[in-house]
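> Everything below, folded, please.
(chains A and B)
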Amino acid sequence: MGKAIDAKNLNIYYSSFLAVEGVNMTIRPKTVTALIGPSGCGKSTFLRSINRMHEVIPGARVEGRLELDGKDLYGPGVDPVGVRRQIGMVFQRPNPFPTMSIYDNVIAGQRLNNKKMKKDATDDLVEQSLRGANLWNEVKDRLDKPGSSMSGGQQQRLCIARAIAVQPDVLLMDEPCSALDPISTLAIEDLINELKMDYTIVIVTHNMQQAARVSDFTGFFNIEGTGKPGHLVEMDETKTIFSQPKEKATEDYVSGRFG
Amino acid sequence: MTIDTERAQQEKVEPPTGPVSLVRAELPRWAPYGILVGSLVVVGVLLAVTGGFSIGLFVFLSAVLFGLVTYLISRLVEGARKATDRLVTIVVTVAFLIALIPLISVVITVVTNGVARFDSAFFTESMRGVGGANDLAGGGYHAIMGTLIITALAAVMSIPVGVLTAVYLVEYGSKSRLARAVTFFVDVMTGIPSIVAGLFAFALFALFFGPSIRLGFAGSVALSVLMIPVVVRSTEEMLKIVPNELREAAFALGTPKWRTILKIVIPTSIAGIASGITLAIARVIGETAPLLIAVGITTGVNFNPFANRMATLPVFAYYSYAAPGVPREPYLDRAWTAALVLIIIVLVLNLVARLVARVFAPKTR
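Down below sits the predicted model:
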């Protein structure tokens, strides 16, 4: 588990509109990489292109190469469904399935893909995933309750448990804490630190303190103006980006003098 | 922009004198009821004195007087905003009561006329051999069974077609040309008069079996022509309100699209879909015209919708009333009871729809 991602000259389009241009990025296995930048600069689009989730929008396509441990994710014959089984995702708003219990939510990935599992094995997987998401102690007595009965922070950790239950190689997080209070945010940040033992994590965040706290590497995306494509300005170790970035634009953004 | 600033400046010129009071004069709680009783008494006395008393005039004049007096008093005591609020409340309530009049009137008429023959014979006997000197009790058993069989067949045909069409429109078609064409034709189908649906079904079967053909299945076809657009519309609305985030969550777990629809989208919206379908069934079960043409009427029990005529409750009620035998009375009684049974079936279906919605709804606690 934990694989490397390589973007080589990646252009991302929505129909004819070029949303993100010329991204070259190497994400090392078992690290946390934060993507920062102003709204609309394409960092979420880039994140979603890693597990081909942006293709949910009709007309979305990419040019260039995106590799997972050297294997082209957009090569001919590559099934996006297969890609998503290896690259999990956590969304901005917690989205547990409302028709399922906490237990069923955790193993939703298995159930939805019709994997037959023994009862013992499922129980173990649920416990292991919930422990992995630091949620086991809070919910172990009410696994049969619906997922929507929990607090927002718990729901988000349930979504993380659901994502890691399918045992992906990479975990993508699209602003996972933006709908949460500071205490839940702290719980998730601690969790990210533990998860990077096993997974490669890419996180999009608007909160620069969060990027500084949780990530090993940081990529700064920017946009020239509305209608122009977003691009990767700079990527480096997090402490370099926040102390002595090479680009003026990065320095302005991380020090709050942007715009 | 400039106008706003000017207005603001004008307002600044005259600052309110003294502190603004938050307390306003208010009519007492009982005022509306007092005014209502007052108007009823005044109008009643006036009409009695002039001698032109009638219920309709009494209610109408009382409502008008009640509205006017409330508005004026409230305007004097409470000010224009509250007065308008009270007037609009009265208008809305009166409109609601007017809308209720036909409903209550129909229910009362049907129940009072239909209860006479609402007996066990009605539910166990057909009309075979009934009439003339040989007048037995007779009943609507054959019509009840016919209605249930034909409607069930129509539902069996319409539900898969309607639900799958809605799934296509919401999940696959999005804004494609085909999806827009389907939406357009579904809208057109919603407006088809039921007699046209009946003629269509009859013409279709007459094409194969000759013009004397009457059979229950033709009625089912006619009913499903009416039912499909209703099912498509309601299912479409229900699928649309399933949050996109749930679909994305399933996709991100590596779930194929068809499984996402089957296991996430439809279970999340099943409550609305099920109640929409039940209401669609309730909508077509009382159709008369298409069954009149395509199915005809018979006096005996016929459980086979693929051969010969069948009786149905609406057509049974129509023929019993339009062409009664001699003596007339038993036929008219049976017609009313048929109508009553039909209303009860629709009522039960509506209750079932609510129950279904409650049972299937996603639980939050």
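
> and the residue of the stretch 51-200 of chain B at minimum distance from chain A, what does it touch?
Nearest residue of the stretch 51-200 of chain B to chain A, counting by Cβ to the nearest Cβ: B:Ser174, 6.5 Å away. The C-beta positions use only the backbone N, C-alpha and C, and glycine is treated the same way. Each residue near B:Ser174 by Cβ atoms under 8 Å, 6 or more residues apart in numbering or on different chains is listed here: A:Pro58.

> which residue sits closest to the residue of the stretch 201-350 of chain B found nearest chain A, ignoring its sequence neighbours?
At 3.2 Å from chain A, B:Gly254 is the closest residue in the stretch 201-350 of chain B, using Cβ to the nearest Cβ. Spatial nearest neighbour of B:Gly254, excluding adjacent residues (Cβ to Cβ, 6 or more residues apart in numbering or on different chains): A:Arg85 at 3.2 Å.

> residues touching the one you found, list them.
Shown in contact with A:Arg85 (Cβ under 8 Å, 6+ apart): A:109, A:113, A:166, A:168, B:253-254.

> so which two of the residues you listed are the farthest from each other?
A:Asn113 and A:Pro168 (12.8 Å; Cβ to Cβ).

> ok, the two, which is more surrounded?
A:Pro168 (26 against 17; other Cβ atoms under 10 Å in any protein chain shown).

> show me what contacts the more buried one?
Counting by Cβ under 8 Å, 6+ apart, A:Pro168 has contacts A:1, A:85-88, A:199.

> Of the residues you listed, just the buried ones, ChimeraX syntax please.
Provided next is the ChimeraX selection string for whichever of the contacts of A:Pro168 are buried by 16 or more other Cβ atoms under 10 Å in any protein chain shown:
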select /A:85,86,87,88,199
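
> Which of the contacts of A:Pro168 fall in strands?
Under the assignment DSSP state E, those contribute A:87-88 to strands.

> burial of B:Pro229, as a residue count?
21.

> just checking, it touches B:Val186?
Yes - judged on Cβ atoms under 8 Å, B:Pro229 makes contact with B:Val186 at a distance of 4.8 Å.

> The residue of the stretch 201-350 of chain B closest to chain A: how many residues sit nearby?
So B:Gly254, with other Cβ under 10 Å, has 23 neighbours.

> And A:Ser243, by the same measure?
11.

> separation between it and chain B?
As judged by Cβ to the nearest Cβ, to the nearest Å, A:Ser243 and chain B stand 35 Å apart.

> Let me know the pLDDT of that residue.
pLDDT for A:Ser243: 88.

> ok, now B:Val91?
pLDDT recorded at B:Val91 is 94.

> Now for it: which residues touch it?
Neighbouring residues of B:Val91 by Cβ under 8 Å, 6+ apart: B:Gly67.

> Please give the element, helix or strand, for it.
Assigning secondary structure by DSSP states H and E places B:Val91 in helix B:80-114.

> quick one: what helix or strand has the most centrally placed residue in chain A in it?
Residue closest to the average C-alpha location in chain A (Cα atoms, centre = their mean): A:Leu172, at 1.7 Å. Using DSSP H and E, A:Leu172 maps to strand A:170-174.

> got a list of contacts for that strand?
Applying Cβ under 8 Å, 6+ apart, the contact partners of strand A:170-174 are A:2-3, A:5, A:44, A:47-48, A:50-51, A:68, A:86-92, A:160, A:163-164, A:192, A:195, A:199-204.

> How about stretch A:69-79?
By Cβ under 8 Å, 6+ apart, the list of residues contacting stretch A:69-79 from outside reads A:3-4, A:6, A:29, A:50, A:52, A:62, A:65-67, A:83, A:169.

> Tally up the residues packed near A:Ser151, please.
With other Cβ under 10 Å as criterion, A:Ser151 counts 13.

> Tell me, how many residues neighbour the residue nearest to it when sequence neighbours are not counted?
Nearest non-adjacent residue to A:Ser151, counting by Cβ to Cβ, 6+ apart: A:Ser184, 7.3 Å away. A:Ser184: 19 surrounding residues under other Cβ under 10 Å.

> what residues are up against B:Ile281?
B:151, B:155, B:227, B:349.

> farthest-separated two in the residues you listed?
Using Cβ to Cβ, the two most remote members of the contacts of B:Ile281 are B:Met227 and B:Leu349, lying 12.9 Å apart.

> Pick out the residue of chain A closest to chain B.
A:Arg85 (3.2 Å).

> separation between that residue and B:Val242?
From A:Arg85 across to B:Val242, the span is 23 Å (Cβ to Cβ, to the nearest Å).

> Please tell me I have it right and A:Cys145 contacts A:Ser101.
Cys isn't right for residue A:145; it's Lys. Yes - between A:Lys145 and A:Ser101 there is a contact under Cβ under 8 Å: 6.2 Å.

> now the helix or strand where B:Ala357 lies: mean pLDDT?
Element membership for B:Ala357, per DSSP H and E: helix B:329-360. Regarding helix B:329-360, the rounded mean pLDDT is 90.

> Run the angle between it and helix B:80-114 for me.
Calculated by axes from the mean of the first three to the mean of the last three Cα atoms, to 10 degrees, helix B:329-360 forms an angle of 130 degrees with helix B:80-114.

> which two from the contacts of stretch A:69-79 end up farthest apart in space?
Maximum pairwise distance among the contacts of stretch A:69-79 (Cβ to Cβ): 22.1 Å, between A:Pro29 and A:Val62.

> More neighbours: the two, which one.
Per other Cβ under 10 Å, whichever of A:Pro29 and A:Val62 has more neighbours is A:Val62, with 22 against 15.

> does the nearest residue to the more buried one once chain neighbours are set aside count as helix, strand or coil?
Spatial nearest neighbour of A:Val62, chain neighbours left out: A:Ile12 (5.1 Å); criterion: Cβ to Cβ, 6+ apart. State at A:Ile12, reduced to three classes by DSSP: H, G, I helix; E, B strand; the rest coil: strand.

> Does A:Ile12 have any beta-bridge partners, and if so which?
Applying DSSP bridges to A:Ile12 gives these bridge partners: A:Val20, A:Val62.

> That one - how many residues pack around it?
A:Ile12: 25 surrounding residues under other Cβ under 10 Å.

> Next up, the contacts around it.
By Cβ under 8 Å, 6+ apart, the residues touching A:Ile12 are A:18-20, A:23, A:42, A:45-46, A:49, A:54, A:60-62.

> likewise B:Ala63?
Counting by Cβ under 8 Å, 6+ apart, B:Ala63 touches B:90, B:94.

> Need the pLDDT of it.
90.

> List, one by one, the residues from the stretch 51-200 of chain B near chain A.
Residues of the stretch 51-200 of chain B lying close to chain A by Cβ under 8 Å from any Cβ of the partner chain are B:Ser174.

> all helices of the stretch 51-200 of chain B, in order?
Per DSSP state H, counting those that start in this stretch, the stretch 51-200 of chain B carries helices over the ranges B:55-78, B:80-114, B:120-124, B:141-167, B:177-190, B:194-209.

> same thing with the stretch 201-350 of chain B?
Ranges of helices in the stretch 201-350 of chain B, per DSSP H, counting those that start in this stretch, are B:216-240, B:244-252, B:257-260, B:266-285, B:289-294, B:313-322, B:329-360.
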